[in-house]
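>>> what's the 3D shape of this:
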Amino acid sequence: MALLKISFLQMSKRCLLQCGACWKPGSKLSVHTPPKMPPCDFTPERYESQPYNQILEIRKQNFSPMVSTYFQKPLLLHQGYMQWLFDYEGRRYLDFFSGIVTVSVGHCHPKVTTAAQKQLGRLWHSSPVFLHSAIHEYAEKLGALLPDPLKVIFFTNSGSEANDLAMLMARSYSGNVDIISFRGAYHGHSPYTIGLTNVGTYKPRRIASGSSCQTTMCPDVFRGPWGGSQCRDSLVQTIRKCDCTPGCCKANSQYIEEFKNTLHTAVAKEIAGFFAEPIQGVNGVVQYPKGFLKEAFQLVRDRGGVCIADEVQTGFGRLGTHFWGFQSHGILPDIVTMAKGIANGFPMSVVVTSPEIAKSFNPFNTFAGNPLAGVIGSAVLDAIKEDGLQENSQEIGSYMLLKLAKLRDEFEIVGDVRGKGLMIGIEMVQNQDSRQPLPPEEMNLIHEDCKDMGLILGRGGLFSQTFRIAPPMCITKEEADFAVEVLHSALSRHMEKRAKGKL
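Numbers count the residues shown, from 1 in each chain. As a prediction, this is how the structure comes out:
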């Protein structure tokens, strides 16, 4: 009998470790062994800069109070290598947010670092009034990755600046002013692009900006009024039911009617353009119904507008199936903007368009065509190809997405799991029936717990209710398993606290 009790206790502990949902109020079992972090063969240098408290004081005195940080005790990062980050005390973290979806091929990727170091010893800067082989070679290489007629490249320094330029081009070429973007969209935080960005926390309170920009309903098949289990281009569909049939998405038709309503009521008869991320990033990796963007693009062109694809977060192979996010929708934009992963974190961005549209506007930027940017951009493209990172995004992203979907089946507070490749969102809810966002204080606890176990996740959504997963594209299956285990452990502990009334 004693042996039987021991065996049952061991089985119960094992069950608790594997399935936090098994825990019941009144149970005394609460055994959690933190997942074992995969090995890393890199040793960081010793931190020898200012002490942590002094850094905090500098932040308080010299940084904008509006710029927030993650975690109660903000991370003081010291060094990075590929998918790993190290803090000032040498603690190691698996980076699953890539500096806000920016580090595409890996922190301090050896090929990119070597190329940058060589160029630093030759020439840092010239300007567009001179020729330099690096930026011309890069333009040729990037242009070869885009379909005709998208071959004319304008170099800029950030995603906001790229989208600024795209707005000016759209208005100059069309002769119209109204531009439409989705609610929940993020296209930048400059005086122009703030009009395109429709996330309340990024809107200024007292300054009118971004005139002649109009919003339209985001066709979100999880949180929006329509959508169900067959609507989006993802291995994992929403748990909402729908009566769509293969090849005919009723939700898509309803969202298109809303888009038409915007065209009929909120803008002039002729418009300048329409901005869309192939998958919304800041809003929590929101995917649209299949076929929506194709129909919306045609409606915009019928009104004299141009269609702009914001590939700042979705481009460069991150979605796995295609190099560019717009390709997954079967569409051809008139203008494409890109930044972030384009240069692995180096300040560089690009606007690409057709020769016809390019003739309509003549911008000038002192830093456009920077030799260092050209060399780094080329090295990033080489790394994506030589390291097979698009293929890795598809393989590891699909593998991880399916494993994460099991968390939704197990935990009532996991409302939706979605995405493509290595751009994944986990939307947290109070319960799956209501789909009400999980309160910020609960999100913060789970977020902190994951960090304490060595996993850095991003946050997104209108209520910061979605965990954003967008690691460097070099991650391995072992590291994906570790991340899923960390999330499972954090959610299990959280459900225990809920059941005990400790939240």
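
>>> Give me the distance between the most centrally placed residue in the chain and residue 394.
With distances taken as C-alpha atoms, centre = their mean, the residue of the chain nearest its centroid is residue 281 (4.1 Å). Separation of residue 281 from residue 394 (C-beta to C-beta, to the nearest Å): 19 Å. C-beta coordinates here come from the backbone N, C-alpha and C atoms, glycine included.

>>> what's the answer for residue 134, then?
30 Å.

>>> Could you do residue 439 as well?
From residue 439 to residue 394 the distance is 35 Å (C-beta to C-beta).

>>> more crowded one of the two?
Using other C-beta atoms under 10 Å as the criterion, residue 439 and residue 394 rank with residue 394 on top: 21 against 14.

>>> Would you verify that the more buried one is located in a helix?
Yes - under DSSP: H, G, I helix; E, B strand; the rest coil, residue 394 sits within a helix.

>>> which ones are touching it?
320-321, 421 (C-beta atoms under 8 Å, 6 or more residues apart in numbering).

>>> ChimeraX command for the buried members of those?
In ChimeraX syntax, the buried subset of the contacts of residue 394 is picked out as below (16 or more other C-beta atoms under 10 Å):
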select :320,321,421
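
>>> CSV please, covering the contacts of residue 394 and showing distance to residue 413, secondary structure and pLDDT.
As requested, the contacts of residue 394 are exported to CSV (distance: C-beta to C-beta, whole Å; DSSP: H, G, I helix; E, B strand; the rest coil; pLDDT from 0 to 100):
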residue, distance to residue 413, secondary structure, pLDDT
320, 28, coil, 97
321, 30, coil, 97
421, 25, coil, 98
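
>>> Output the contacts of residue 394 in a markdown table; the columns should cover distance to residue 346.
A markdown table is the format used below for those (distance: C-beta to C-beta, whole Å):
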| residue | distance to residue 346 |
| --- | --- |
| 320 | 24 |
| 321 | 26 |
| 421 | 22 |
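
>>> can you pull the contacts of residue 299?
Taking C-beta under 8 Å, 6+ apart as the test, what residue 299 contacts is 256, 259-260, 263.

>>> Just the closest of those residues to residue 143, please.
Distance to residue 143, by C-beta to C-beta, is smallest for residue 259 among the contacts of residue 299, at 31.4 Å.

>>> so that closest one touches residue 215, yeah?
No - between residue 259 and residue 215 there is no contact under C-beta atoms under 8 Å: 11.1 Å.

>>> quick one, which of these two is more surrounded?
residue 259 (20 against 16).

>>> Now do the buried residues in the helix or strand hosting that one.
Assigned by DSSP states H and E, residue 259 belongs to helix 250-265. Across helix 250-265, burial judged by 16+ other C-beta under 10 Å covers 250-252, 254-256, 259, 262-263.

>>> which secondary structure elements does that helix contact?
strand 213-216, helix 292-302 (3 or more C-beta pairs under 8 Å, 6 or more residues apart in numbering; DSSP states H and E).

>>> Let me know the angle separating the last one from helix 250-265.
Using axes from the mean of the first three to the mean of the last three C-alpha atoms, to 10 degrees, one finds that helix 292-302 and helix 250-265 are set 20 degrees apart in direction.

>>> Return the set of buried residues in helix 292-302.
For helix 292-302, burial by neighbour count (16+ other C-beta under 10 Å) applies to 292-293, 295-297, 299-300.

>>> re earlier: and the helices and strands packed on helix 250-265 as JSON lines, adding mean pLDDT and distance to residue 377?
Shown next, in JSON lines, are those (pLDDT from 0 to 100; distance: least, C-beta to C-beta, whole Å):
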{"stretch": "strand 213-216", "mean pLDDT": "96", "distance to residue 377": "30"}
{"stretch": "helix 292-302", "mean pLDDT": "98", "distance to residue 377": "27"}
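
>>> okay if I get the ones you listed as JSON lines plus distance to residue 69?
Shown next, in JSON lines, are those (distance: least, C-beta to C-beta, whole Å):
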{"stretch": "strand 213-216", "distance to residue 69": "29"}
{"stretch": "helix 292-302", "distance to residue 69": "35"}
